[in-house]
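1. here's my sequence, what's the structure:
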Amino acid sequence: MAYSSIVKPSVYFNTKLYTGNGGTQSITGVGFKPDLLWQKNRSSTYGNMWFDAVRGASQRLMSNTTGGQSGTSPDSITSFDSDGFSLGADVAVNDNNGNSLAWNWKAGTGQGSSNTDGSINTTYTSVNTTAGFSISQYTGTGSNATVGHGLGVAPKMIIVKKLNGSSSWLVYNKNIGNNKLLYLNGTQAQVSTDATFMQNTDPTSSVFSVGTWGDINGSSDTFIAYCFAEKTGYSKISTYVGNGSTDGTFVYTGFKPAWLMVKLSSAANENWAVYDNKRNPFNTTTSQRIRANDTQADTTSNSEIDLLSNGFKVHDNDAEINGSGNTYIYMAFAEEPLVANSGSNGVPATAR
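-> All right, here's what the predicted structure looks like:
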């Protein structure tokens, strides 16, 4: 049995639910100072808002659109704080009595510094090698190049977005290969590409490759890259095959998931479904999901997915998560490792 060196995953990832007040407020209880904050208003059809410490707290992207960074939004996320974040009066993030969520990840120490491992020196890279997560901002050259990620191991999933103009959110996933991609802002199946995407080259322990395509390396354009590596007992990036049954697939992750994102990769017209343990604290009840690629409010449905002590179990034949013979990619982060520490001191995770 593999043991996790991350005893307390919530110091690197945590979901925070909160209620807006229409004015200003500070949200606490995250457990750390966030470096990536993905916010969604659960009550209304506002967008999926992405904020990070590299670009600055008030700089907003939306994963449900192709639009670039919308400029400073001083009434949205006003600061990242030691135990959470502060809000302005923007209704998208703080409407009065509205229910919202924030998914929070810990990278490095704030904005970070330039990474010079690649042929493109990043403007900033904020990296957490323990948790396998980094954020890099870089300026494109229009020519084949490499960009440093700082993780020390090869990332299995990379999400790239151009900041200064319209572009798709490009997703590299090790499980589908370096000559295919998915669009986080869309419902397409995995799309075959050529060398203009990532030069048909897998990331290494220090860099990822970018081709000449404008959406990943346009000359003088600015980009943000979120890089994720697997860490035993904390994160898992892999695939499963659906069976089309309400007694669906069980997927072993090696930990109790706190957060799970699933996308059908082998066929089109399905969304990026996201679940977490705060909106869904119990199994065999209704499931609540947010979709990364649209503005839909929190959707309540039949029990779709159980988050178990060692993985997750699908309970729905909906093609979004369990079409017969379909392949799905997923990324998950832990609430608890299956067994923390090492040797005889290991403590098993408990079921819900």
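2. wait, a strand at I216?
-> No - read with DSSP: H, G, I helix; E, B strand; the rest coil, I216 is helix and lies in no strand.
3. which residue packs closest to it, ignoring adjacent ones?
-> Leaving aside its sequence neighbours, I216 sits nearest to V210 (CB to CB, 6 or more residues apart in numbering; 5.0 Å). Any C-beta I mention is one placed from the backbone N, CA and C, and that applies to glycine too.
4. what does T139 give?
-> Nearest one to T139, counting by CB to CB, 6+ apart, is T222 at 5.5 Å.
5. wait, D81 touches G29, no?
-> No - look at D81 against G29 with CB atoms under 8 Å: they stay out of range, at 11.0 Å.
6. so for these two, which residue has more residues nearby?
-> D81 (16 against 10; other CB atoms under 10 Å).
7. ok, now which ones touch that one?
-> Residues counted as contacts of D81 (CB atoms under 8 Å, 6 or more residues apart in numbering) are 26, 28, 33.
8. before we move on, back to that, quick check: bridge partners of the residue nearest to I216?
-> Bridge pairing for V210 (DSSP bridges) gives the partners A145.
9. quick one, strands of the stretch 201-350 of the chain?
-> 207-210, 222-228, 235-241, 250-252, 255-264, 272-276, 287-291, 299-301, 305-307, 311-314, 327-337, 339-340, 347-348 (DSSP state E, counting those that start in this stretch).
10. and what of the stretch 1-150 of the chain?
-> Going by DSSP E, counting those that start in this stretch, the stretch 1-150 of the chain shows strands at 13-19, 25-28, 36-41, 48-52, 56-62, 77-81, 84-87, 99-105, 124-128, 133-139, 145-148.
11. show me what the fourth one is packed against.
-> Identification of packing neighbours for strand 48-52 by 3 or more CB pairs under 8 Å, 6 or more residues apart in numbering; DSSP states H and E yields strand 36-41, strand 56-62.
12. strands paired with that strand, and their directions?
-> The strands beside strand 48-52 in its sheet (DSSP bridges) come out as strand 36-41 (antiparallel), strand 56-62 (antiparallel).
13. where's the residue nearest to I216 relative to S126, distance?
-> As for V210, its distance to S126 is 19 Å (criterion: CB to CB, to the nearest Å).
14. same question, Y252
-> 31 Å.
15. so which of these two has more stuff around it?
-> S126 (25 against 13).
16. any weak-confidence spans in the stretch 201-350 of the chain?
-> Applying pLDDT under 70 to the stretch 201-350 of the chain flags residues 285-286, 303, 339-350.
17. redo that, cut-off 80
-> Scanning the stretch 201-350 of the chain for pLDDT under 80 picks out 284-286, 301-303, 338-350.
18. about what we covered before: the strands of the stretch 1-150 of the chain into TSV, with extra columns for distance to M198 and mean pLDDT?
-> Formatted as TSV, these follow (distance: least, CB to CB, whole Å; pLDDT from 0 to 100):
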stretch	distance to M198	mean pLDDT
strand 13-19	26	98
strand 25-28	37	98
strand 36-41	22	98
strand 48-52	22	97
strand 56-62	21	95
strand 77-81	30	97
strand 84-87	33	98
strand 99-105	23	98
strand 124-128	18	98
strand 133-139	14	98
strand 145-148	10	98
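19. of the strands of the stretch 201-350 of the chain, which is nearest I6?
-> Proximity to I6 (CB to CB) singles out strand 327-337 among those, at 6.4 Å.
20. what pairs with the closest one, parallel or antiparallel?
-> Taking DSSP bridges as the criterion, strand 327-337 sits next to strand 235-241 (antiparallel), strand 255-264 (antiparallel) in its sheet.
21. most neighbours per residue, which of those strands?
-> Most buried of these, by mean neighbour count (mean count of other CB atoms under 10 Å): strand 255-264, with a mean of 25.
22. compute the inter-axis angle for that one and strand 99-105.
-> 110 degrees (axes from the mean of the first three to the mean of the last three CA atoms, to 10 degrees).
23. gap between strand 255-264 and the chain center?
-> Offset of strand 255-264 from its chain centre (CA atoms, centre = their mean, to the nearest Å): 10 Å.
24. then stretch 126-137?
-> 13 Å.
25. output it as CSV, nothing but the C-alphas.
-> C-alpha atoms of stretch 126-137 as CSV (Å, rounded to 0.1, in the frame of the first residue of the first chain):
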residue,chain,number,x,y,z
SER,A,126,4.5,30.4,-8.1
VAL,A,127,5.2,26.7,-7.3
ASN,A,128,4.4,24.2,-4.6
THR,A,129,6.5,21.1,-5.2
THR,A,130,5.0,19.3,-2.2
ALA,A,131,1.5,19.5,-3.6
GLY,A,132,2.4,19.3,-7.3
PHE,A,133,0.9,22.6,-8.4
SER,A,134,2.4,25.7,-10.1
ILE,A,135,1.2,28.8,-11.8
SER,A,136,3.3,30.4,-14.5
GLN,A,137,2.8,33.6,-16.5
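26. residues contacting L181?
-> L181 makes contacts with 170-172, 190-191, 193, 197, as judged by CB under 8 Å, 6+ apart.
27. just these now: which is nearest S44?
-> Closest approach between the contacts of L181 and S44, by CB to CB: V171, at 26.2 Å.
28. just give the nearest non-adjacent residue to L307, would you?
-> Using CB to CB, 6+ apart, the closest residue to L307 is P257 (4.7 Å).
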